[in-house]
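K.L.:
sequence plus the predicted model coming up.
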Amino acid sequence: MVEPADRSSTAGQRLGAPESFGVSTLEPGLRPPAQPPGRQVSMRVQMLDDTQEVFQISQRSPGKVLFDLVCAHLNLVEGDYFGLEYQDQRKMTVWLDLLKPTLKQIRRPKNTILRFVVKFFPPDHTQLLEELTRYLFALQIKRDLACGRLICNDTSAALMVSHIIQSEIGDFDETQSWQHLLHNKYLPDQDAIRDEIIDCHREHVGQTPAESDYQLLEIARRLEMYGVRLHPAKDREGTKLSLAVANSGVLVFQGNTKINSFNWSKIRKLSFKRKRFLIKLRADPTNAHHDTLEFAMASRDCCKVFWKICVEYHAFFRLFEEPKPKPKPILFTRGSSFRFSGRTQKQIIDYVKDSEPKKVPFERKHSKILSNSSISPQSASTRSHVNPLLMTPTTISRLVFMQKSMSQNCAYKTTLHCYIVLLHAQYLQDVSSEIGGSPGSEKSSLGGPHVAVNGNGSVNGQRMGRTAVLGAEQSAEIQPLSPLTSPLLTEAGYVRNDEEDEKFPTDKAYFIAKELLTTERTYLNDLQVITESFHSAVGKDEAFPDSVKSLISANYDPVYKFHQGFLKETEQRLAQWSGRSNAHIKGDYQRIGDVLLKNIQGLRQLTIHLQKHSECLVELERACRSSRKVETLCRDFEQQRVCYLPLNIFLLRPLHRLLHYKLILERLCKHYPPTHDDFRDCRAALADISEMVLQLQGIMMKMENFQKLIELKKDLTGVEDLISPGREFIRLGCLSKLSGKGLQQRMFFLFSDCLVYTSRGMTPSNQFKVHGQLPLYGMTIRESEEEWGVPHSFTLFGQRQSVVVAASCTSEMERWVEDIRMAIDLAEQSSSLNNDLLSTSLSDNKLSEDGGGEQESEDELGGSRSSLERQGHRGNTTVHVCWHRNTSVSMVDFSIAVENQLSGNLLRKFKNSNGWQKLWVVFTNFSLFFYKSHQDDYPLASLPLLGYSVTVPSESENIHKDYVFKLHFKSHVYYFRSESEYTFERWMEVIRSATCSTSRSLPSTRKDLY
């Protein structure tokens, strides 16, 4: 639908969009609506990158058709944040109405240029889930700066321009940066602060264009004029003012200074009468304003234009779904029929999260450096390994489709062709090595063959034609694993034939013993993280205290050496049991109780070391508190792939392992009849391990709570003295808090003495920022769904304030209400803890939910940015998963998860794939971790299971295999196949423990767990 012009490529092709229409932003999942028959009219649209495109539409088609064509041309999923504006015959800038015919609004289309610009500015740029959307927002900020619309102080202006330059030319080079500033105008008075811009640019070394967009939006959103479009007006006294609308409500400016704001929750009605614009407020005895505010504008048309954008802003940010059209009256009409058309912000966020559209590579027009989102050539001297995680027929076919959709003169088409040939060659070589086992092939770090693209355009020495070099940054080994995306593990397996199924003994005791073996392998690997990986990471650093180092080594090394022998004995016994040894008489080897009894008696000799593990945890935390260097060392170690869980969890693994031995022995004793040869040994071993668990139970419970408080301290900012004697963690999760802005998503943390509510930070650190604290002493709770008209809502009445919150469903509300009531009883029984958790800065300056209390002053941005860069990235914790999946987890759930840890081989199949892939899977901490084999040092990917459902496939899914279970969350579906009925039931049991939250009360259940 785009008319060709006299240039090499269109804007859509520069952004990497395929020639098809893509996704309609107004009707998700559909192509743009069919146009009415009739004469075609050309409409010219100017994009945010200053290019112009011509679209053909029917003369009777509504504005929605043209807008859909523009968004589909850009392959823009979150298009509802944008709009088309133009100048009408009165020289007024107005928005294109998506419901009215385009030609009834634009009388002279040949002389009119529509501008595709940002229409709705969200307060939080992290709500923009697509990189392309953030890039377009950054272009809008760049345009607003250049035309003087986005007014700010020199410090903020210089910092924003430096981020723009970083995204366009890359790392600082003095000559290049000066020349670039001379030839490009980013600010009206740019010359006055050129030195300051250069100084800021010098600090951005290594920052990618996507990160520069993020930082630019982070600064811009804090400015008072962010997203503000001023409409001239006068008050009743004739004072010149300006009106504007934002996500929070209607704003009043005098010059460029905001002098008043009216929140949506305070506004009862917006209307206009001739030249007068009226704001009717809700009755409020404490409000000094009149109930109705009146502003005079230049004309009735000016009033109507501003009223329309107010209606749209209110609907977009406040409503859950698009408003329904009013029924047409039979005789008379009263009032305007105008309504907002399109998806609301909530619908956009839900749609993107549910569907997770495929990310299409795009090129930044003004950028001279390579974006992470595009496949681009590097220097001729570069050599790189192909990422083995991408080697599947499905991936190759997608790349072929992308290649075909590119224009013939696209600069990257040849590179992409070479990339496809390379992937195909490596895929065939990998499959042949798996099946045929070529011993001579050179392996990459992940186990795949070594395939490199050389500067002369050859693959493994074979000529491919034109030069094609892949950047080393495209390797998935250095990309952080997203906690919410599907694992790409297709390199780990090949298409499996049914004849390849292994044969195992049919005795259930064998599979119970095999569970002991598989979990022991994982346990030994976890111990190795402490005894070898962590020791080597901190051993050479003088800042790490020798006393802590010696304490950990003295109490973990003996346990590690003991379990090495235990694992070796278990492996030998299972090999004899399954018939893979030279033993002619299997009867003596078809048991495991004697091995367990011998080693548990040996383990009792290590009880003194197990009791010291709590001291190791406390001393390590004390060292981190007293030394910033030690804290940095531990945080850096947690960023390594080998440390796939928080470090403190590894320190508690030996105590948790005792519970696993007890549960395995209980299952064996339940399975064996009393006359069985193995029953006596299993019962004696169970008695010994039960005595050890009882002896260490108190330490275990205290350390679990202590470890949880340590982790929450890392996830929260703005809180002090979280780890206090007597404080217990009870529940964390996502609730919607009712405020002046409406329902807002908040993370709540329930402790034994207080309830803390937070919001996700707007920084790369991903910490949660504390908004307030509610002491539990004297608190009452009442369900208030009927009072507020909000489903699943309840009100918390504290001594100082009351809060109305809403859960996502009835079961979530019941869990929260039960735990809060229990915590209130605990707080009233104990008077030891009631201190303020909020930091001094937050206590002195209480955050306002209605007033956007998260904002910083512009002068503080330069200092806060550098401090944030020092913080570690914590985007894969249980807290963040609960935030994204809108659920909650209690301490009881954590304690149950400690018991339900499982490891072993599973066959995995995607929804639309044919073959099964064999993976080593570890279930722990509410997540599945995927390995190629149990010998791997770190997982290739992970899948958090909170929010997932586990079921058995139905007949319609055509999974004609035994022992298959299905994991699904919204549009994500995975099938896993186990080797026996016992392992199938165990995997279903442990996964259900993570996906089905418990509502049992804390005091009784925690003791009953052990």
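P.N.:
In hand now; what should we look at?

K.L.:
buried sites along stretch 968-980?
P.N.:
Across stretch 968-980, burial judged by 16 or more other CB atoms under 10 Å covers 969, 972, 973, 974, 975, 976, 977, 978, 979, 980. Any C-beta I mention is one placed from the backbone N, CA and C, and that applies to glycine too.

K.L.:
number of nearby residues for residue 673?
P.N.:
6 (other CB atoms under 10 Å).

K.L.:
thinking it is in contact with residue 679, fair?
P.N.:
Yes - using CB atoms under 8 Å, residue 673 and residue 679 qualify as a contacting pair, with a distance of 6.9 Å.

K.L.:
coming back round to it: which single one of the buried residues of stretch 968-980 is nearest to residue 367?
P.N.:
Nearest to residue 367 out of the buried residues of stretch 968-980 is residue 972 (CB to CB; 32.9 Å).

K.L.:
model confidence score at the closest one, please.
P.N.:
Per-residue pLDDT puts residue 972 at 89.

K.L.:
separation between it and residue 796?
P.N.:
The span separating residue 972 from residue 796 equals 34 Å under the rule CB to CB, to the nearest Å.

K.L.:
please apply the same query to residue 969.
P.N.:
When CB to CB is applied, the distance between residue 969 and residue 796 equals 30 Å.

K.L.:
over to residue 150?
P.N.:
For residue 150, the distance to residue 796 under the criterion CB to CB works out to 40 Å.

K.L.:
check residue 690 too.
P.N.:
Distance of residue 690 to residue 796, given as CB to CB: 42 Å.

K.L.:
quick one: which of those two has more around it?
P.N.:
When residue 690 and residue 796 are compared on other CB under 10 Å, the one with more neighbours turns out to be residue 796, at 23 against 16.

K.L.:
so the more buried one sits in a helix?
P.N.:
No - with DSSP: H, G, I helix; E, B strand; the rest coil as the criterion, residue 796 is strand rather than part of a helix.

K.L.:
beyond whichever strand or helix holds residue 613, next helix or strand please.
P.N.:
Take DSSP states H and E as the rule and residue 613 turns out to sit in helix 607-626. The helix or strand immediately downstream of helix 607-626 is helix 628-638, counting by DSSP H and E.

K.L.:
which elements pack onto that next one?
P.N.:
If contacts are counted by 3 or more CB pairs under 8 Å, 6 or more residues apart in numbering; DSSP states H and E, helix 628-638 sits against helix 535-538, helix 607-626, helix 647-651.

K.L.:
show me where the stretch 451-600 of the chain has strands.
P.N.:
Taking DSSP state E, counting those that start in this stretch as the test, the strands found in the stretch 451-600 of the chain are 458-459, 462-463.

K.L.:
how about the stretch 601-750 of the chain?
P.N.:
Counting by DSSP E, counting those that start in this stretch, one finds strands in the stretch 601-750 of the chain at the ranges 716-717, 729-739, 742-751.

K.L.:
the ones you listed: which one's closest to residue 932?
P.N.:
When the strands of the stretch 601-750 of the chain are ranked by proximity to residue 932, the top entry is strand 729-739, at 33.3 Å, counting by CB to CB.

K.L.:
please point out which parts of the helix holding residue 613 sit buried.
P.N.:
Within helix 607-626, the residues that qualify as buried by neighbour count (16+ other CB under 10 Å) are 609, 610, 612, 613, 614, 616, 617, 619, 620, 621, 623, 624.

K.L.:
what are the phi and psi angles of residue 923?
P.N.:
Backbone geometry at residue 923, expressed as degrees, to the nearest 10, gives phi -110, psi 120.

K.L.:
and for it, the neighbour number?
P.N.:
25.

K.L.:
list the contacts for the residue nearest to it when sequence neighbours are not counted?
P.N.:
When the adjacent residues along the chain are set aside, residue 923 lies closest to residue 902, with 4.6 Å between them (CB to CB, 6 or more residues apart in numbering). Residues near residue 902 by CB atoms under 8 Å, 6 or more residues apart in numbering: 515, 518, 519, 922, 923, 986, 987, 990.

K.L.:
helix, strand or coil for residue 956?
P.N.:
Using three-state DSSP, the secondary structure recorded for residue 956 is helix.

K.L.:
since we're on it, how many residues are nearby?
P.N.:
For residue 956, the count of nearby residues is 6 (other CB under 10 Å).

K.L.:
likewise residue 591?
P.N.:
If you count neighbours by other CB under 10 Å, residue 591 ends up with 22.

K.L.:
what about it, distance to residue 599?
P.N.:
Between residue 591 and residue 599 the distance is 14 Å, computed by CB to CB.

K.L.:
then residue 593?
P.N.:
11 Å.

K.L.:
okay, those two: which has more neighbours?
P.N.:
Applying other CB under 10 Å to residue 593 and residue 599 shows that residue 593 carries more neighbours, namely 24 against 19.

K.L.:
pretty sure residue 42 contacts residue 59?
P.N.:
No - under the contact definition of CB under 8 Å, residue 42 does not touch residue 59, with a separation of 10.8 Å.

K.L.:
settle it for me: which of those two has more neighbours?
P.N.:
Between residue 42 and residue 59, residue 59 has the larger neighbour count (other CB under 10 Å), namely 16 against 11.
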